[in-house]
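J.: sequence and predicted structure below; questions after.
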Amino acid sequence: DSAAGGCAAPTSAGIIFGGGDSTGHLVKTEEYNGSGWAVGGDLNTAREILGGAGTQTAGLAFGGQKGSPNANADESEEYDGSSWTEGDNLNTARYIAGAGTQTAGLGFGGYSIPETLRAHSEEYNGSTWTEGNNLGTGRYFVAGLGTQTAALYCGGDSGGTIKSEVEEYNGSSWTETADMTTARRTFASTSA
């Protein structure tokens, strides 16, 4: 299986979406109610390694990898608790990390095919993506968490080197902060 997107939420209202398996990219959404999983509405665009923000009833999915052969995705979609609708496209299509909410989302870092590390960050206001200040280093397969004005960009891969670096966002700029104790990539994170 490949990386799916997800939204931070209380343990009784989680959501995951997209991802991949042996058949390719997925559109599937699953909702968690504290004791079990149920099928939610499908994404409009099948993809994996995508960013996520928001909650089970106000989710945001964006970017990722789609198609065959694999291509960069710039689509964003909003979830209302039952179905996904198209939102504004990212300015830069790529694998991406995410944080924030549906009306104050943050997408950052990533990788674009062919082999381009991305240090871009973008902010979503519920209708439009706007370029933000760049990260200190471009990495992909990172974890993102927090809000649009207080986010972390953790670990990842930078051209085949697994990283422990962490950058912190204050709503306008990224600053390197304390490294993680273990370098890693392709891992999950959440914030409440």
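T.: The structure has been received and is ready for your questions.
J.: middle-most residue in this protein, spatially?
T.: Per CA atoms, centre = their mean, the C-alpha nearest to the average position across the chain is that of residue 51, at 1.4 Å.
J.: isn't that residue up against residue 65?
T.: No - counting by CB atoms under 8 Å, residue 51 stays clear of residue 65, with 11.7 Å between them. Backbone N, C-alpha and C define where each C-beta goes, glycine included.
J.: please name the strands paired to the host helix or strand of residue 167 in the sheet, noting orientation.
T.: Using DSSP states H and E, residue 167 sits within strand 166-169. Looking at strand 166-169 with DSSP bridges, its partner strands are strand 150-154 (antiparallel), strand 174-177 (antiparallel).
J.: just put those strands in JSON lines and tack on mean pLDDT.
T.: Shown next, in JSON lines, are the strands paired with strand 166-169 (pLDDT from 0 to 100):
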{"stretch": "strand 150-154", "mean pLDDT": "95"}
{"stretch": "strand 174-177", "mean pLDDT": "97"}
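J.: out of those strands, which is the most enclosed?
T.: strand 150-154 (a mean of 23; mean count of other CB atoms under 10 Å).
J.: hmm, who's touching that one?
T.: 97, 99-100, 106, 108-109, 135, 139, 142-146, 165-171, 174, 177, 180, 189 (CB atoms under 8 Å, 6 or more residues apart in numbering).
J.: quick check on those residues: which are buried?
T.: Among the contacts of strand 150-154, those classed as buried by 16 or more other CB atoms under 10 Å are 97, 99-100, 106, 108-109, 135, 139, 142-146, 165-169, 174, 189.
J.: so which of the residues you listed are in strands?
T.: Among those, the ones falling in strands (DSSP state E) are 97, 99-100, 106, 108-109, 143-146, 166-169, 174.
J.: need the max-distance pair from these.
T.: Using CB to CB, these span at most 17.4 Å, a distance reached by 100 and 166.
J.: ok so, going back, output the strand holding residue 167 as CSV, nothing but the C-alphas.
T.: Extracted as CSV, the C-alpha positions of strand 166-169 are listed here (Å, rounded to 0.1, in the frame of the first residue of the first chain):
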residue,chain,number,x,y,z
VAL,A,166,12.3,19.9,11.2
GLU,A,167,11.1,23.3,10.0
GLU,A,168,8.5,25.4,11.8
TYR,A,169,6.1,27.8,10.1
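J.: residues touching residue 28, list them.
T.: For residue 28, the contacting residues are 17, 18, 19, 39, 42, 43, by CB under 8 Å, 6+ apart.
J.: can you give me the end-to-end distance of stretch 86-98?
T.: 17 Å (CA to CA, to the nearest Å).
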